[in-house]
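A.B. asks: sequence unknown, structure follows:
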């Protein structure tokens, strides 16, 4: 370790740079993906299936999910919500901006 709580990554500089490139690529591709999906969803409107040459290639369906809303539990049953709270340790990885 170089300083308290840190370790030198000099030999992994290429790995860090590659991670920067990959993360930027993923961000860019995610944006393109959402734009393409939006274009298809707009065309589908309220219809379910999109076809090419008569063959189904996409579906856009409505669905329902059941989930517990922490906000509703807190509003309606604050005592129960407090009894169910828990603290979970988390270790977060963050790629810092290039110097």
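C.D. replies: Thanks, I have it. As the structure is a computational prediction, the values presented were derived from the model and not from experiment. Numbering: from 1, shown residues only.
A.B. asks: what's the first-to-last distance across stretch 75-88?
C.D. replies: Distance across stretch 75-88, first residue to last, is 23 Å (C-alpha to C-alpha, to the nearest Å).
A.B. asks: the residue nearest to the spatial centre of the chain sits in which helix or strand?
C.D. replies: The geometric centre of the chain, computed from its C-alpha atoms, lies nearest to residue 30 (C-alpha atoms, centre = their mean), at 9.9 Å. Taking DSSP states H and E as the criterion, the element that holds residue 30 is helix 13-44.
A.B. asks: same deal with residue 80?
C.D. replies: Following DSSP H and E, the helix or strand that holds residue 80 is helix 78-83.
A.B. asks: mind checking the pLDDT average for that helix?
C.D. replies: The pLDDT scores in helix 78-83 average 93.
A.B. asks: surely residue 60 meets residue 39?
C.D. replies: No. The pair residue 60 / residue 39 is not scored as a contact, 12.0 Å apart, by C-beta atoms under 8 Å. For glycine as for every other residue, the C-beta is placed from the backbone atoms N, C-alpha and C.
A.B. asks: okay, those two: which has more neighbours?
C.D. replies: A direct count of neighbours by other C-beta atoms under 10 Å for residue 60 and residue 39 places residue 60 higher, at 15 against 10.
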